[in-house]
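> got a predicted structure plus its sequence, pasted below:
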Amino acid sequence: MTRAVVTGLGVLSPNGLGVEQYWAATLKGVTGIAPITRFDPAGYPSRLAGEVDGFEAGEHLPSRLLPQTDHMTRMALVASDWALADAGVDPAEQAEFGMGVVTASASGGFEFGQRELENLWRRGSRHVSAYQSFAWFYAVNTGQISIRHGMRGPSGVLVSEQAGGLDAIAQARRHLRRDTDLVLTGGVDSSLCPWGLVAQLPSGRLSTSTDPDAAYLPFDRRAAGHVPGEGGAILVLERAGARPGQRPYGEVAGWGAGLDPAPGSDRPSALRRTAEAALADAGVDAADVDVVFADAAGTPELDAAEVAALAEVFGAGRVPVTAPKTMTGRLYSGGAPLDVVAALLSIRDGVIPPSVNTAGTAADGLDLVLDAPRPAALRTALVLARGFGGFNSAVVVRAAD
Amino acid sequence: MAGQRRVVITGIGVVAPGGIGREAFWDLVTSGRTATRAISTFDPGQFRSRVAAEADFDPLAHGLTPREVRRMDRAAQFAAVCAREALADSGLGVADLPPERTGVTVGSAVGCTMSLEQEYAVVSDSGEKWLVDPSYAVPHLYDYLVPSSLAREVAWAVGAEGPAAVVSTGCTSGIDSVGHGCELIREGSADVVVAGAADAPISPITVACFDAIKATTPYNDDPEHASRPFDNTRRGFVLGEGAAVFVLEEAGRAAARGARVYAEVTGFASRCNAFHMTGLRPDGRELAEAIRAALDEARIDPTAVDYVNAHGSGTRQNDRHETAAMKSALGSHAYAVPVSSIKSMIGHSLGAIGSIEIAACALAIERDAVPPTANLHEPDPECDLDYTPLTARELPVGTVLTVGSGFGGFQSAMVLSAPGAAA
């Protein structure tokens, strides 16, 4: 079977712009969670976010793209540029239909959408932007990335809330196995505008804490929700050996997905079998897994379900578990691809990044990596992601050699 | 390919303008009647285009509970009703589906925008407040923000617990979603996938965004004849709404239970034009490539295609673009094969229409008839294929090609074959 290897990374994270900045901050335990600055959050019950600081789209993108793009699309375009540069790929040298784009989305270009809704409702239909027809919708990042790099091969967009980023990577791997040499994949999201925040509040999962170091505490008895963030990661996925000079970070070796049963059912959550399906797809046993990047929802019930699922798959305390997203907040479709990046860099550098702020007091039987990075020889990592509504996805990455 | 798992359609559910349910839909699209009319669900006075194809849909009458109606956006209601119809049609009950081996894929271009816009108007006080007021946010608002709720609702309707996702590739979502469902079965991630697409875009913000680029028809004085694919007087598409959902099954499983099979999905491919978010290259190069790739996967020659369900949106550029693509991909057979656009009758329901058109294709195979293109009186010299004007045709239909084209540059093609006919 064709092997799918990750050869380039592009990251915009609340705690670091660019792969190495993100990784250095993550190993140091530097958090990107802070009070919202994009608008005045004083009137809202949740006032913290993981905003991407220091990103000036005009420094990276042609000015003609700015009026037609939402903030999240600008970040996605830049992440794509960086990922291709990191891989050393010149898109112009690739076969006409040899490259594709598969991204995940959660809420589309929501800030752009709020502005145009305001134009329509306040001023009338003639004031709606000619770009509204595509700037907000879920497919926009894939479309704009494909145009920017001339990628004409099989492409797509998946939405499964926070699980979608892993589903997109799996879909990219399908394309490689069929007829495509290279796929840009991952997710970059942002809905940090007033309407986006208000639309998230009824999920009941947003923290109302105003202390950036105590607002998102997965696997902690004090857990009371998460902090929303923005950003994410775009990865270059290639067929192993498709191009001379490939320098793989690692292989996307396995994927699994499943949906939890409807409320009121006595059937179990799908998380355990999702993880097991990914391991089986990768052809590895639980004992082969060296580290788990947890979904780390930050709500007591979901955390308990994840602790239980990990104990069932691996045995209590048998595998190190970490949640670097404690430094970024939850990034919607961007969160799981960023965890895949962290997993690949962990394997590269032989070190597991820490989970911060949480004391791990609701992680009985979990070997949670807390506060400081832990050196370890790593070959295989499991990344878990769950999306609102019961979506579960898992990906196994491993060293490429 | 020897040993490869194959995918068949064993159940169909449809919600479309002009009639709810599979049979009402088929009756309409083979009658040549149109379901386009003046927008009735809100006052469209300020808009350039005031025509739409609305579904006369009563969710309670179609089996949803008051709680489900309150919870679900209109698109989710369409999808859930279609899923139940498809399952009943397949002869399967919820108890017959192995939950962990049953997946869900739902295509949608604009998700739950109707509910989002309604709720936006409330929390913003009709656009007066940028800092919108959370005290008026309804409990299910987050379901509207993230449209994966559409897949979850379908899954809950049929008890599915396998892989589930929304596929959102603009106006090819309805083809790509079914294609994705087929991939899940072929690779062994599921044995059954409840796959389809839904959109309910007839709300002010969506009408306004197409107004802004003059993509929709200005024929407000003649709504019944406003959607004119391939006609020389066409001036844009008519916004529609609806859904179609299928029971896709691994072929061996369907055969073992003696299921009635509408068609096998034998080929699927998508490409991007990497050209423009809303514009199309006149030569249709990427759509032609998608058609060729889908025919290759189905391992058939272009001459085997008995009917082409066109994208046929009725915009100036689309209809020429896809005519060029068909000529490029099908060669001289493009002039011989009947082509039609059911958007002439039920409008363009964005992400949903690809699945609704697959429903038309599967029924065309089962019933040996093809729907017409309504309102086609005055041919465009640059659109010179046989578009099956005005009147449905009875003919043997063994293999069908359906195509779609969408904002973002997506170009998709799917091949369906009569059961047992595929190589």
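On my side now, so go ahead. Numbering: from 1, shown residues only, chains lettered A, B, ... in the order given.
> run a quick neighbour tally on residue A:61.
18 (other C-beta atoms under 10 Å in any protein chain shown). All C-beta spots, glycine's among them, are computed from the backbone N, C-alpha and C.
> that one contacts residue A:80, correct?
No: Residue A:61 is not in contact with residue A:80 according to C-beta atoms under 8 Å; the separation is 10.8 Å.
> contact partners for the residue in the stretch 301-423 of chain B positioned nearest to chain A?
At 3.0 Å from chain A, residue B:408 is the closest residue in the stretch 301-423 of chain B, using C-beta to the nearest C-beta. Residue B:408 sits next to A:134, A:137, A:139, A:140, A:142, A:143, A:146, B:169, B:170, B:272, B:277 when contact means C-beta atoms under 8 Å, 6 or more residues apart in numbering or on different chains.
> out of those, flag the one nearest to residue A:34.
Closest approach to residue A:34 among these (C-beta to C-beta): residue A:140, at 27.3 Å.
> Provide the backbone phi and psi angles at the closest one.
Note on residue A:140: its backbone torsions stand at phi -70, psi -40 [degrees, to the nearest 10].
> stretch A:349-368: end-to-end distance?
Here the two ends of stretch A:349-368 are set 19 Å apart, with distance taken as C-alpha to C-alpha, to the nearest Å.
> how about stretch A:233-245?
23 Å.
> and that stretch with chain B, contact?
No: on the criterion C-beta under 8 Å from any C-beta of the partner chain, stretch A:233-245 is out of touch with chain B, staying 15.9 Å away.
> spell out which parts of the stretch 251-400 of chain A neighbour chain B.
So far as C-beta under 8 Å from any C-beta goes, the stretch 251-400 of chain A lies against chain B at A:256-262, A:267, A:270, A:273, A:277, A:332, A:387-391.
> in helices only, show me those residues.
Of those, the ones assigned to helices by DSSP state H are A:273, A:277.
> from the residues of the stretch 251-400 of chain A next to chain B, list the buried ones, please.
A:256-262, A:270, A:273, A:277, A:332, A:387-391 (16 or more other C-beta atoms under 10 Å in any protein chain shown).
> which of the residues you listed fall in strands?
For those, the ones inside strands are A:256, A:257, A:258, A:259, A:387, A:391, with DSSP state E as the criterion.
> residues near the residue in the stretch 51-200 of chain B that chain A sits nearest to, how many?
Nearest to chain A in the stretch 51-200 of chain B, going by C-beta to the nearest C-beta, is residue B:127, at a distance of 3.0 Å. Look at residue B:127: counted by other C-beta under 10 Å, it has 18 neighbours.
> show me what contacts the closest residue to it other than its chain neighbours?
Sequence neighbours aside, residue A:121 is the residue nearest to residue B:127 in space, at 3.0 Å (criterion: C-beta to C-beta, 6 or more residues apart in numbering or on different chains). If you count contacts by C-beta under 8 Å, 6+ apart, residue A:121 has them with B:120, B:121, B:124, B:126, B:127, B:204.
> now do 10 Å
A:127, B:117, B:120, B:121, B:124, B:125, B:126, B:127, B:128, B:204, B:205, B:208 (C-beta atoms under 10 Å, 6 or more residues apart in numbering or on different chains).
> give me the pLDDT for it.
pLDDT for residue A:121: 98.
> that one and residue B:44, how far apart?
In this view, residue A:121 and residue B:44 are 15 Å apart by C-beta to C-beta, to the nearest Å.
> any idea which helix or strand carries residue B:166?
strand B:164-167 (DSSP states H and E).
> could you count how many residues lie near residue A:3?
16.
> can you show me the helices along the chain?
This is for chain A. Under DSSP H, chain A gives helices at A:19-28, A:71-87, A:110-118, A:132-135, A:140-149, A:164-178, A:194-200, A:271-282, A:300-314, A:335-349.
> look at chain B instead
Counting by DSSP H, chain B has helices at residues B:22-31, B:66-71, B:74-90, B:113-123, B:141-145, B:149-158, B:173-186, B:204-212, B:251-256, B:285-298, B:316-330, B:333-336, B:343-346, B:353-367.
> mean neighbour count, distance to chain A and mean pLDDT added to the ones you listed, as a markdown table?
Putting the helices of chain B into a markdown table (neighbours: other C-beta atoms under 10 Å in any protein chain shown; distance: least, C-beta to the nearest C-beta, whole Å; pLDDT from 0 to 100) gives the following:
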| stretch | mean neighbour count | distance to chain A | mean pLDDT |
| --- | --- | --- | --- |
| helix B:22-31 | 20 | 25 | 98 |
| helix B:66-71 | 13 | 11 | 97 |
| helix B:74-90 | 27 | 11 | 98 |
| helix B:113-123 | 21 | 5 | 98 |
| helix B:141-145 | 25 | 4 | 97 |
| helix B:149-158 | 28 | 4 | 98 |
| helix B:173-186 | 29 | 6 | 98 |
| helix B:204-212 | 25 | 4 | 97 |
| helix B:251-256 | 17 | 19 | 97 |
| helix B:285-298 | 24 | 6 | 98 |
| helix B:316-330 | 22 | 14 | 97 |
| helix B:333-336 | 16 | 21 | 98 |
| helix B:343-346 | 32 | 17 | 98 |
| helix B:353-367 | 28 | 13 | 98 |
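> out of the ones you listed, nearest to residue A:85?
Nearest to residue A:85, of all the helices of chain B, is helix B:285-298, at 25.9 Å by C-beta to C-beta.
> that closest one packs against which elements?
helix B:173-186, strand B:263-272, helix B:316-330, strand B:399-406, strand B:410-417 (3 or more C-beta pairs under 10 Å, 6 or more residues apart in numbering or on different chains; DSSP states H and E).
> next, the angle from the third one to helix B:285-298.
Using axes from the mean of the first three to the mean of the last three C-alpha atoms, to 10 degrees, the interaxial angle of helix B:316-330 with respect to helix B:285-298 works out to 40 degrees.
> show me where the stretch 101-250 of chain A dips below the pLDDT cut-off.
Residue ranges of the stretch 101-250 of chain A with pLDDT under 70: none are present.
> count the residues that sit near the closest residue to residue B:293 other than its chain neighbours.
Once flanking residues are discounted, residue B:293 sits nearest to residue B:269: 3.4 Å by C-beta to C-beta, 6+ apart. Residue B:269: 26 surrounding residues under other C-beta under 10 Å.
> cool, residue A:251 as well?
23.
> wait, isn't it in contact with residue A:282?
Yes: using C-beta atoms under 10 Å, residue A:251 makes contact with residue A:282 at a distance of 8.8 Å.
> joint contacts of those two?
Contacts common to residue A:251 and residue A:282, judged by C-beta under 10 Å, 6+ apart, are A:380, A:396, A:397, A:398.
> okay, the residue of the stretch 51-200 of chain B closest to chain A and residue A:188: tell me how far apart.
Looking at residue B:127 against residue A:188, where the rule is C-beta to C-beta, the gap reads 28 Å.
> can you list the domains in chain B?
B:7-256, B:267-417 (automatic domain parsing).
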